[in-house]
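> got a sequence here, can you build the structure:
(one chain, ligands or ions: 2)
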Amino acid sequence: MAAWIGELGIFEVLALVAGFHVGLTVLCTGVGLLLERIFRHRRVWAVPLDRGQYGFELAGNLRFISVQIIAFTAVLYGGHIRFDEVGDASAIGTFVAVYYSFQIYYYGLHRLMHRRPWIRFHRWHHRSRVTTPFTGQSMSAVEALGWALGYVGLPALLSLWTPLSFAGWAAYIVYNISGNIIGHVNVEFHNPFGRSRLVSVIQPPVIYHALHHARWTGHYGFASTGLDGLFGTEFADWQAVVRRVDGGQPLTSLKQRVTS
Ligand SMILES: [Zn+2]
Ligand SMILES: [Zn+2]
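Ligands and ions are numbered 1, 2, ... in the order given. Sure, this is the predicted structure:
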């Protein structure tokens, strides 16, 4: 499947990767802004954005995308992820393997970045207290490098053990990036799994991560609650917050707790 990548020159790979990251970011940010309009009756925070927020978030996005373009180009052009050229590798198997290895890796990375020596690299992402569709990819270059390791470094390691499906890996990257951008909107749109136990392995409501931006000391997981549950870093009231916001009552202060 991925034999064609090996035949491309470095500038062709660079153009392909740049087009992918810029195109997907623009598309998902647009969808996020649209969702914020459609679901404005279900705002998470009735708290204004900070002065100049879109500006510094845009700068963070440019930094993030630049790091990813360099990392993806280096790894794909260098052939460091061993893709299955025959096409026998299961796309679903690859998706699941990359999905869960990223979840575990990100949880560890995120907790590390909340420790004193590393927090300076994570502060940029937390400059956004109320989140927007521009927040997900707004971060420092060091943190963006951490994400690049998850996107292409981990799959390269996995592929030492078994070749990966290009389609499965690419599908996961699209899922991750779109989920990250849209997962930072300031509205709770309908999540069919909302408050079920399934959120320990799949995407919880938007509020779950919104509370991390407001409170800092919990909800470190990416796109699931499982590891926060396991390590005791889940906020006790998050489902009560979902009920409140679903009922059309946004939170009015970043310090607010909700009793059920
Ligand atoms: Zn965030
Ligand atoms: Zn954080």
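> pull the contacting residues for Ala214.
For Ala214, the contact set (CB atoms under 8 Å, 6 or more residues apart in numbering) comprises Trp45, Arg129, Val130, Leu254, Lys255. Bear in mind the C-beta positions are built from the backbone N, C-alpha and C, glycine included.
> buried members of these into ChimeraX, please.
Buried residues among these (16 or more other CB atoms under 10 Å), as a ChimeraX selection:
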select :45,129,130
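> now, the most widely separated pair of the contacts of Ala214?
Farthest apart among the contacts of Ala214 by CB to CB are Val130 and Lys255. That separation is 12.9 Å.
> could the contacts of Ala214 go into TSV alongside distance to His80, secondary structure and pLDDT?
Below are these laid out as TSV (distance: CB to CB, whole Å; DSSP: H, G, I helix; E, B strand; the rest coil; pLDDT from 0 to 100):
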residue	distance to His80	secondary structure	pLDDT
Trp45	41	strand	97
Arg129	38	coil	97
Val130	39	coil	97
Leu254	42	coil	93
Lys255	45	coil	91
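> please name the nearest non-neighbouring residue to His21.
Using CB to CB, 6 or more residues apart in numbering and skipping the chain neighbours, the partner closest in space to His21 is Ile65 (4.9 Å).
> need the longest helix for this protein.
Scanning the chain for the longest helix, with DSSP state H as the assignment, gives helix 10-38.
> from the chain's centroid, how far away is that one?
Between the mean C-alpha location of helix 10-38 and the chain-wide mean there is a distance of 14 Å, by CA atoms, centre = their mean, to the nearest Å.
> for it, packing partners?
In terms of contacts (3 or more CB pairs under 8 Å, 6 or more residues apart in numbering; DSSP states H and E), helix 10-38 is packed against helix 53-77, helix 166-182.
> perfect, I'm done here.
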